[in-house]
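Chemist: I would like the atomic coordinates for the input below:
(one chain, ligands or ions: 1)
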Amino acid sequence: MERFRVVGGARLDGEVRVTGAKNSVLKLMAAALLAEGTTTLTEVPHILDVEIMGELLRRLGCTVDYRPEERRLAITVPERPGHQADYDLVRRMRASICVLGPLVARCGEADVALPGGDNIGSRGLDMHVAGLERLGAVVENEHGYLVARAPQGLRGAQIWLDFPSVGATENLLMAAVLADGTTVIDNAAREPEIVDICRMLEGMGAKIGGIGSSTLEVVGVDRLEPVVHETVPDRIVAGTWAAAAAITRGDITVRGARPHDLDIVLDKLATSGAHVEALADGFRVAMDRRPRAVDVVTLPYPGFPTDLQPQLIVLNAVADGAAMVTENLFEARFRFVNELTRLGADVRTDGHHALVRGKEHLSGAPVEASDIRAGAGLVLAGLVAEGETLVSQVHHIDRGYDGFVESLVALGADVRREPDPDYPQEG
Ligand code: UD1
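Modeler: Numbers count the residues shown, from 1 in each chain. The predicted structure follows:
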């Protein structure tokens, strides 16, 4: 186990480059299962979750050649991949559930262990299951596995999602592209990562209408071909750097990002007093004053992303004034607030709402990361807390941020990764 030692007081200044999005690349890796042969993904981040998904694909009979230094990953899929995803991998990463759709489509059957994943509240799979049943699969829960069977193949159907779930939209898309006939997914999620997987599937030969809208129309084809595909830039990592600039009253240029994917986030930062500038290959955020408090409401895209909610709570914790932050996606996302209050933040939660009263100063203390974004938020808080903040359980942060400490140091922060003496070391 490792922890980060963060010394507060630095103003972050300089340039960072973001790579491909974790939340896209994992699904693109699953989509590779839909075609026999070698699919190559580029701009692949060097993070733990990519390794876990690579291992899962290997167990399904694929060859995975991952070159993190080149940000490239090649997946060679056999004619008949396996169809069982085991608990030891699925429990480490909830996103493993995204192999369900492609495996049923490709093999006519899939046994995927029920996931664990982030500690951010209960996340149902009811829409994944109901959608697959609409497509003609029989889905059962057997011995901790979701078992889906469609021996005669899937057939196109009309699907209405109760909520624009990212994971359900992706799973059903990947199932529908090889189904017999036309599938319409209504109330589909339209995150940039959904657009990314649609583009990759199109490159493989899929027929998809309405890309980027909340109604996707998929005309099933018999066969897909492997492709070379570049992963969409990670808007959540880019947004974390944007927030870091505002929180530390710094000046950060983020390269390789698409500002349009962060319109609402950058607008919030501008409202809080930051200077925001869109560039040809990214954006710049500079702050020369104490931030003003800004209200935030998380919603599916194009609403404010829940994955940037902790970072905005931290901004409000040091801002001038009080703000209401409303979380509409994951009820337990406020769990990290308990840790933040250890640094002296004044945050009161009540159900979906957090009332944050800005304080002039936070003060360093030991805290624990409970999920990826909470971990990133706590590091940002440590940057503006007086003295030292020790963030433990940083394996959560490593799941989503490629070279986080190195980038922080390059921007002028005093942050170090070190063994955590409070946890037994391996070996
Ligand atoms: C993905 C992202 C996650 C992000 C989230 C919302 C990945 C690996 N993770 O998660 O970082 O925070 O989108 O942008 O891409 N739900 C149901 N039934 C279902 C499916 C979902 O009730 O069948 C609920 C969940 O409990 C949750 C909400 O819908 O409250 C959002 O879930 P969803 O959009 O599916 O998020 P994920 O795909 O799990």
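Chemist: okay, CA-based contacts and neighbour counts for the rest of this
Modeler: Fine.
Chemist: quick one: the helices in the stretch 201-350 of the chain?
Modeler: 235-247, 263-271, 309-317, 336-342 (DSSP state H, counting those that start in this stretch).
Chemist: between those, which one is closest to the ligand.
Modeler: For the helices of the stretch 201-350 of the chain, the distance to the ligand is smallest for helix 235-247, at 8.8 Å, taking C-alpha to the nearest ligand atom.
Chemist: want to try TSV for the helices of the stretch 201-350 of the chain, with distance to residue 361 as columns?
Modeler: Compiled in TSV, these are given as follows (distance: least, C-alpha to C-alpha, whole Å):
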stretch	distance to residue 361
helix 235-247	12
helix 263-271	20
helix 309-317	9
helix 336-342	12
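Chemist: mean pLDDT, distance to residue 299 and mean neighbour count added to those helices, as TSV?
Modeler: As requested, those are arranged in TSV below (pLDDT from 0 to 100; distance: least, C-alpha to C-alpha, whole Å; neighbours: other C-alpha atoms under 10 Å):
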stretch	mean pLDDT	distance to residue 299	mean neighbour count
helix 235-247	98	14	27
helix 263-271	98	11	19
helix 309-317	98	10	28
helix 336-342	95	19	20
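Chemist: could I get those helices as a markdown table with distance to the ligand?
Modeler: Shown next, in a markdown table, are the helices of the stretch 201-350 of the chain (distance: least, C-alpha to the nearest ligand atom, whole Å):
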| stretch | distance to the ligand |
| --- | --- |
| helix 235-247 | 9 |
| helix 263-271 | 14 |
| helix 309-317 | 10 |
| helix 336-342 | 15 |
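Chemist: and the stretch 201-350 of the chain, which residues reach the ligand?
Modeler: Residues of the stretch 201-350 of the chain lying close to the ligand (C-alpha under 6 Å from any ligand atom) are 306, 307, 329, 330.
Chemist: can you give me the neighbour number for the third one?
Modeler: One way to gauge burial is a neighbour count; for residue 329, by other C-alpha atoms under 10 Å, it gives 19.
Chemist: try the second one
Modeler: Each residue near residue 307 was counted by other C-alpha under 10 Å, and the total is 20.
Chemist: how about the contacts made by the closest residue to it other than its chain neighbours?
Modeler: In space, and not counting its chain neighbours, residue 307 is closest to residue 373: 6.1 Å by C-alpha to C-alpha, 6 or more residues apart in numbering. Going by C-alpha atoms under 8 Å, 6 or more residues apart in numbering, residue 373 touches 307, 308, 310, 311, 397.
Chemist: from the ligand, how far out is residue 109?
Modeler: 19 Å (C-alpha to the nearest ligand atom, to the nearest Å).
Chemist: could you find the closest non-adjacent residue to that residue?
Modeler: residue 149 is the one closest to residue 109 (C-alpha to C-alpha, 6+ apart), at 4.4 Å.
Chemist: in the least confident helix or strand in the chain by mean pLDDT, what's buried?
Modeler: Using mean pLDDT, DSSP states H and E, the weakest-scoring helix or strand in the chain turns out to be helix 87-90, at a mean of 88. Going by neighbour count (16 or more other C-alpha atoms under 10 Å), the buried part of helix 87-90 is 87, 89, 90.
Chemist: helix, strand, or coil at residue 4?
Modeler: Three-state call for residue 4 (DSSP: H, G, I helix; E, B strand; the rest coil): strand.
Chemist: roughly how far does it sit from residue 367?
Modeler: Per C-alpha to C-alpha, to the nearest Å, residue 4 is found 10 Å from residue 367.
Chemist: which residues are common contacts for these two?
Modeler: The contact sets of residue 4 and residue 367 overlap at 390, 391, 392 (C-alpha under 8 Å, 6+ apart).
Chemist: if the first one is in a bridge, with which residues?
Modeler: When you say that, I think you mean residue 390. residue 5, residue 366 (DSSP bridges).
Chemist: contacts only, for it.
Modeler: Contacts of residue 390 by C-alpha under 8 Å, 6+ apart are 3, 4, 5, 6, 364, 365, 366, 367.
Chemist: swap in residue 80?
Modeler: Taking C-alpha under 8 Å, 6+ apart as the test, what residue 80 contacts is residue 107.
Chemist: name the element it belongs to?
Modeler: Assigned by DSSP states H and E, residue 80 belongs to no helix or strand.
Chemist: quick one: neighbours of residue 421, just the number.
Modeler: Neighbour count for residue 421, taken as other C-alpha under 10 Å: 10.
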